[in-house]
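Engineer: quick one, fold the following:
(chains A, B and C)
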Amino acid sequence: MSAALQYFLAGLGIGGIYALVAIGFHIMWSSAKAVNFAHGDTLMLGAVLTIVFLDHGIAMPLAILLSIGVAIVFGVVLERVAIRPFADNAASIGWMLTTIAIGIMLESYATIEFGAFARPLPSPGVDKPIIIFGAGVFIQELLIPFVAVLIVVLLGIFQRRTQLGRAMRAVAFNRVAAGIVGINVLHVAMFSFALASALGGLAGILVAPVIQASATMGLLLGIKGFAVAIIGGITSAPGVVIAGLLYGIIEKFVDGYISTAAREAVGFSLVIIVLMLFPQGLFGRRELVKV
Amino acid sequence: MSRIARHFNPAFVVAAAILILALPHIAANEYELRLITLLLIYAIIALGLNVLVGLTGLVSLGQAGLYAIGAYTAAILATRLGVGLVPGLILGMAFAGAFGVLLAYPTVRVRGVYLAVVTIAFGIIVENVAIEWDSLTGSWVGISNVPAPTLLGLPLDTNAYFIVVGASALIAFLVNLNLMNSRFGRAMRATAQSEIAARSLGINVVAIRTLAFVVSAMAAGAAGVFYVYLNKYISPDIFSFTDSIRFLLMVILGGSGTALGPVVGASIMTYLPEYLQAFGPWQAFAYGLLLAAVMFFLPRGIVGSVEHFLSGRMAEARPDTVREERPRLADIVAVDPADGSACLDARGVSVAFGGLVAVDKVDETVDSGKIHALIGPNGAGKSTFLNAISGVYRADSGSITFLGRDTTRLNSHQLARLGLARTFQNTELFSNMTVLENVLVAFHKEYRSNIFSTICRLPSFRRDERHFREAAIALLGFVGLSAYAHEKAENLAFGHQRQLEIARALALSPKLLLLDEPAAGLTHAEIEQLIALVRELAASGITILIVEHHVELIMEISDHVTVLDYGELIASGSAEEVQTDPKVIEAYFGSQSFGDGPEPAAGPGAGSAGGEA
Amino acid sequence: MSKIALRASIGGAAVFATAIALGTGPVNAAEANPCIGNSGPVTGPAAFGGKSIRMGAEMAVDEINAAGGVLGKKLKFIQYDDRGAPPRGVDNVRRIGLRDNCVAMLGGYHSTVALAMRDPIHEIKMVYVGVIAANTKVIENGRNPNYMFRVSAKDRWVSKFLVAEALKRSPNNKVGIMYENTGWGKGAYPNIQAALREQGTKEVGAETFNWRDTDMTPQLIRLRKAGAESLVMWGLDREGNQIMRSLQKIGWNPVKIGAWGFAGNLGELAGKLANCALIMQTYSWMGKLEPRAQKLYDTMKKRYGIKSQKEIRMGSGVADAYDAIHIIAKAIKIAGSYDRQKVYEAMFSVKHNGLVMNYNPAFERTEERHDAILPSAYKLTAWYNGELLPLSQTPCK
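Structural biologist: Next up is the predicted model:
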């Protein structure tokens, strides 16, 4: 029993990480029908830069703010140079490859400058595990899914209560119509990428105490986060978070009761099966196809 | 696209063969020769991927998985059972091809970025299985001790093996080239550019996509087998996500959709690491930079850019194929005289989008040989009704009978094959294909030559191709577009685009032709031409169902007019009868809000079912 | 165009016929070039491994060249990137042996790569000297002549060493195994089992983990349930840290004893959680250095931007590569020629007082002794407050 609880709690922590990545994909997709495929590297940027700033003697709160600031600039620039010029490509090859290319460059640069080793990011959340019915978990691991859910709630409020938020919803629903009624679609896209990248940087800082910061931490997180976003239904913010948490928990149960080895095969088979049954993802809205 | 390809000739093949023969003697050392062998192996995989990405417009980010399946099949068979190169090659290709079918299946429902995720997942699953199925694959340690390749019992040394791979790459090149310049290649490109139009021309897009996946999977499988015998060692490390990206980059860098592009891309990507090594720890960065640079500065790829440049220059020099005499339709396609029976019969047809009922229990009969008009204010459900009877949407209730057959549940490509052709409100041409190719696509289902005779260029293929090329040119002559046969469809004037769409529909030898607002955007003179054409078609026995806003045109040509309003049939009869019907007057002029009502065909509701056809 | 297929098949047939008739291999030069190649991870997560080899090898080559080179020729060290992927390593072997025509090569960081290199090395018949990758079967491969040599640890010996230390600390002889699911970890697993069997016992459980795994609680819960008193661990720092944290989560503190993959920055990652985790090494750059090592350390500071002793990642690799180059150079001298065959024969005559130990002789003609560093040179170190120190300098037992 305590083993099952242990797997559940550990899965919640990992699922929270996927959920945080997936929210970023959701925000980008809603505004641009394209994403930064290397969004995992935005997390890396947030985590690695925070450590670099700490190394330079900058206080933690400022280091976090600076890192998120850099992540925002990265997101805005990336949207401008790597997404916008390729948005019309029907097969999506353009932006997929440009953002992957930028991800490769970023990861490679970070490996050279930061080193290939993983490094810890100190946090009070990982000092001591708390024990619940014999299962141990770090506060930080519980904080991550909590923040993921919180972000969805705040995002929902933002999108209902503010002009900009409503514009985001309009663009997500129908880009062309939103443009016709006078919404500056390009500004909304820019803002969305800034927001997604800020959340990505924050996510990196949140997860680094648990999984450690390293130049290569982004790739797998990005791929899994994207797969999770797609099966959750990339048009639905709550959907991607639920899918993320579920995916993490399933992974841990596969680890615990089947085998560590089968994890990726089982997980990604599930991805394919879900997509076959729900082509728009579990909670997704159908994309508009005009005739 | 095919212009440069058409300039290839047997001399090219002979030259390539001589080069392949000579290379072992030119290469500086064994390593160089191995590198060229590797290049050719990559060329095979890239040529296959080109069919998928370049022609069919489907992205695969899991090609390394198929490559791995071919490689592991050959390696396991060779080390465990002593199976040689040729049977290994056949089995490796067959096995990879089978997985290609599996991978194609999701394209029935998912597209674009969703498909990308499916292929990524596939690649990761294959990699994971290769890592974890230790007893079979040797896990991370991989499979070594692969025996030397043999052919007909003769052992092949590095030189001879190079020539075997070289010959195979040449064959792969010719397969790619011949496939591109055939009805299959045209159907693939058509599917990529407008799936809905391809379906409406009788193309089974699922079958075409499956074909593309299988071809690319078999190529990847073959490449995997060749790699095993070249390197004599495999492990999961070279079948990762980044390798799938590398293969895709080969195609994009060289020029996707071109004949030579994949080979050029494979060459560069093979030699690139040799030069990147000089960058030491920066080589991954340099690789990323190159990938980005290609996307920014050469989105068409190297060969694609060259062809684009050349086509601009050659366009002026091209002679026009103008025919002097306007051919008769009956000489080109099969038309049967009308017998006055019911061509199409709709009983209680309803289509709803969520809560919105766009078409509500409509009963109507279209008699053969007649010009039947469908009118109504915006949002009346005209286009939805048209889409329902042409199989784009499925009716939620009611039944549709076409030529005496119940066609309620048929897909649009099946209906097209029965003789139901259509045009689209916003023209759905294959804009990157030539005018002639647009029409040829519609003849796809008429060809008798199969894929084998097409790839091998057997006489049956050449007979078919010559025949339908002539028919297509004649059809263009019939609608007056002969002069533009080799122009890209997107470069046509709008009126000409409408004419081309009609010519393309006529290639199906239709019994029923659905025209969705054919006069929209036309000039007065063009409308006159259209009226004449529609009359001529009806006279030759083709039933016409026309949706139009242009009231004068309707009244002038229609034998029968049906009026829809808010999805319901409110009037049906001759033009005169309908004109004086009070319900019709009420619908059109009675209240201001009627004319400005919502148009479900363009709204979210209509669209949401669009992918389901 | 229509005739392409027909001509192609005729052409193809001609191609095959002529090819098989003409097929002759390119000629290999008798004398190799004065270069020593290396295939290692230059990019990617293990790039520090490639860098450690480069530092050690380049420093040795510079010393040799400053003294006039070997047989009147200056040696050259050429490093190629394999990113830890065996097929790329195999490629690099051919690049080094066939194109660059080097006299010998150094091995890289990953055991899987080293295992894959055995075939092409023996095709080319070029001396290979491993400097990090420790998998037993890289060297003990059943070939004769065997061109695989190593100046590094051997997992079979390391297993014996670690198992003996683990049993010393387990009152009831209950040892659990945690190993990474890679070629290295999977290769070592049977060695650990054999070492336990030799000591008349067997493991209570064995668990695997993957790179980048962030939670090891399921595996550790199973091992605790099985009654393990000590854990023999085979893996790298990043995952080592997750083991330490997962142990803390489930509130368990067994004896932790690991192979040298945990010698990088485990202490930095896990902080005090890693205290008294025992790690085997061949060489340590920590503490006070002997004069020769001090000189090398100064060079590293100047040439490679190393700022402190702690920054020498995979320090054993630096020392091993440094010794290996000197051994190869001596073998060439003894051979009196850059002929690969003669150099191979001369490998067995080399005696060398190296950084890691006094090799006397470096190699013998038994399969087991193609490994130069003997278990007597292995050192047990312990993480303590972020530093990896000789056991005696810590309060650990």
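Engineer: what does the stretch 51-200 of chain C have sitting close to chain A?
Structural biologist: With the criterion set to Cβ under 8 Å from any Cβ of the partner chain, the stretch 51-200 of chain C comes near chain A through C:Asn181. Using the backbone N, CA and C atoms, a C-beta is placed for each residue, glycine as well.
Engineer: I'd like the distance between the closest residue to A:Gly134 other than its chain neighbours and chain B.
Structural biologist: In space, and not counting its chain neighbours, A:Gly134 is closest to A:Ser2: 3.5 Å by Cβ to Cβ, 6 or more residues apart in numbering or on different chains. Distance from A:Ser2 to chain B, counting by Cβ to the nearest Cβ, to the nearest Å: 28 Å.
Engineer: show me which residues of the stretch 101-250 of chain C sit near chain B.
Structural biologist: For the stretch 101-250 of chain C, the residues in contact with chain B (Cβ under 8 Å from any Cβ) are C:101, C:112, C:115-116, C:118-120, C:181-183, C:186-187.
Engineer: which among the residues you listed gets closest to A:Gly134?
Structural biologist: Relative to A:Gly134, the closest of these is C:Asn181; by Cβ to Cβ it sits at 27.3 Å.
Engineer: still on that earlier bit, the residues of the stretch 101-250 of chain C next to chain B into CSV, with extra columns for secondary structure and pLDDT?
Structural biologist: Formatted as CSV, those follow (DSSP: H, G, I helix; E, B strand; the rest coil; pLDDT from 0 to 100):
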residue, secondary structure, pLDDT
C:Asn101, coil, 91
C:Thr112, helix, 86
C:Leu115, helix, 89
C:Ala116, helix, 88
C:Arg118, helix, 91
C:Asp119, helix, 88
C:Pro120, helix, 90
C:Asn181, coil, 85
C:Thr182, coil, 82
C:Gly183, helix, 81
C:Lys186, helix, 87
C:Gly187, helix, 88
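Engineer: and for residue 149, the neighbour number?
Structural biologist: Assuming you mean chain A. Using other Cβ atoms under 10 Å in any protein chain shown, A:Val149 has 16 neighbouring residues.
Engineer: switch to chain C, that's the one I care about
Structural biologist: With other Cβ under 10 Å as criterion, C:Phe149 counts 28.
Engineer: list the beta-bridge partners for it.
Structural biologist: Beta-bridge partners for C:Phe149, by DSSP bridges, are C:Val129.
Engineer: that one against C:Ile121, yeah?
Structural biologist: No. Shown here, C:Phe149 and C:Ile121 do not form a contact pair, counting by Cβ atoms under 8 Å, at 10.3 Å.
Engineer: between these two, what contacts are shared?
Structural biologist: Residues touching both C:Phe149 and C:Ile121 (Cβ atoms under 8 Å, 6 or more residues apart in numbering or on different chains): C:Tyr128.
Engineer: count of residues packed around C:Pro45?
Structural biologist: By other Cβ under 10 Å, neighbour count at C:Pro45 equals 22.
Engineer: contacting residues around residue 223?
Structural biologist: You didn't say which chain, so I picked chain A. A:Ile223 touches A:40, B:120, B:124, B:241, counting by Cβ under 8 Å, 6+ apart.
Engineer: look at chain C instead
Structural biologist: C:176, C:178, C:204-205, C:207, C:231.
Engineer: doesn't it lie inside a strand?
Structural biologist: No. Secondary structure of C:Leu223 (DSSP: H, G, I helix; E, B strand; the rest coil): helix, not part of a strand.
Engineer: now do it against C:Gln199, distance only.
Structural biologist: Distance of C:Leu223 to C:Gln199, computed by Cβ to Cβ, to the nearest Å: 19 Å.
Engineer: among the contacts of A:Ile223, name the ones in helices.
Structural biologist: Among the contacts of A:Ile223, the members falling in helices (DSSP state H) are A:40, B:120, B:124, B:241.
Engineer: wait, the third one touches B:Asp243, no?
Structural biologist: By that I understand B:Ile124. No. Assessed by Cβ under 8 Å, B:Ile124 is found out of contact with B:Asp243, at 11.9 Å.
Engineer: out of those two, which sits in the more crowded spot?
Structural biologist: Comparing B:Ile124 with B:Asp243 by other Cβ under 10 Å, the one with more neighbours is B:Ile124, at 28 against 20.
Engineer: skipping adjacent residues, who's closest to the more buried one in space?
Structural biologist: B:Ile124 sits nearest to A:Phe268 (Cβ to Cβ, 6+ apart), 5.0 Å away.
Engineer: can you list the low-confidence ranges for the chain?
Structural biologist: Going with chain A. A:1, A:88-92, A:260, A:286-291 (pLDDT under 70).
Engineer: looking at chain C here, not the other one
Structural biologist: Those would be C:1-30, if you go by pLDDT under 70 across chain C.
Engineer: cutoff 50 now
Structural biologist: For chain C, residues meeting the criterion pLDDT under 50 lie at C:1-5, C:8-9, C:12, C:15-17, C:19-29.
Engineer: per-domain residue ranges of it.
Structural biologist: Per the record, chain C has its domains at C:33-153+C:290-363, C:156-281+C:379-393, by automatic domain parsing.
Engineer: include distance to A:Ala243 when you put those domains into JSON lines, please.
Structural biologist: Output for the domains of chain C, formatted as JSON lines (distance: least, Cβ to Cβ, whole Å):
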{"stretch": "domain C:33-153+C:290-363", "distance to A:Ala243": "28"}
{"stretch": "domain C:156-281+C:379-393", "distance to A:Ala243": "19"}
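Engineer: quick check: the residue of chain A nearest chain C.
Structural biologist: Proximity of chain A to chain C (Cβ to the nearest Cβ) peaks at A:Gly136, 3.2 Å away.
Engineer: for the closest residue to B:Val108 other than its chain neighbours, which residues are in contact?
Structural biologist: Closest residue to B:Val108 in three dimensions, ignoring its sequence neighbours and counting by Cβ to Cβ, 6+ apart: B:Val206, at 5.4 Å. With contact taken as Cβ under 8 Å, 6+ apart, B:Val206 is in contact with B:104, B:107-108.
Engineer: adding distance to A:Val171, write those out as CSV.
Structural biologist: Output for these, formatted as CSV (distance: Cβ to Cβ, whole Å):
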residue, distance to A:Val171
B:Ala104, 33
B:Thr107, 28
B:Val108, 30
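Engineer: most surrounded residue in those residues?
Structural biologist: B:Ala104 (24 neighbours).
Engineer: hang on, B:His550 packs against B:Gly521?
Structural biologist: No. B:His550 is beyond contact range of B:Gly521, at 10.7 Å (criterion: Cβ under 8 Å).
Engineer: residues from the stretch 101-250 of chain A in reach of chain C?
Structural biologist: By Cβ under 8 Å from any Cβ, the part of the stretch 101-250 of chain A that sits against chain C consists of A:108, A:111, A:115-120, A:126, A:128-129, A:131, A:135-138, A:210-212, A:214-217, A:220.
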